[in-house]
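Trainee: below: sequence and its predicted model.
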Amino acid sequence: MKRIAPHFKADKLPLIILAIFLVLFSIGLSLDEPSRVLEQAWRICYSCIGIG
């Protein structure tokens, strides 16, 4: 006899991880995180080359 349950759970794991990612991604976008990250990256680059 084959066991179907473990295979079924393994198939859902990528979908669960994708759903969690999409929720966290949406929260980050709503909090305007991409612009903050980009601003910090500019500051780091400017300080590394001696401009800022």
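Mentor: Received it, and whenever you're ready, just let me know what you need.
Trainee: where does the protein have low pLDDT?
Mentor: 1-10, 52 (pLDDT under 70).
Trainee: mind listing the helices for it?
Mentor: Counting by DSSP state H, the chain has helices at residues 5-30, 33-49.
Trainee: would you turn the ones you listed into CSV with mean neighbour count?
Mentor: For every residue, glycine as well, the C-beta is placed using N, CA and C. Output for the helices of the chain, formatted as CSV (neighbours: other CB atoms under 10 Å):
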stretch, mean neighbour count
helix 5-30, 10
helix 33-49, 10
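Trainee: please name the residues that touch P34.
Mentor: G28 (CB atoms under 8 Å, 6 or more residues apart in numbering).
Trainee: number the residues from 107 up from this point.
Mentor: In the new numbering, first residue 107, that becomes P140.
Trainee: for it, give its distance to F131.
Mentor: 10 Å (CB to CB, to the nearest Å).
Trainee: could you do Q146 as well?
Mentor: Relative to F131, Q146 is positioned 19 Å away (criterion: CB to CB).
Trainee: cool, and R149?
Mentor: 24 Å.
Trainee: do the same with S153
Mentor: For S153, the distance to F131 - CB to CB - is 29 Å.
Trainee: do I123 as well
Mentor: I123 is 12 Å from F131, by CB to CB.
Trainee: who touches both of these two?
Mentor: Counting by CB under 8 Å, 6+ apart, I123 and F131 have no common neighbour.
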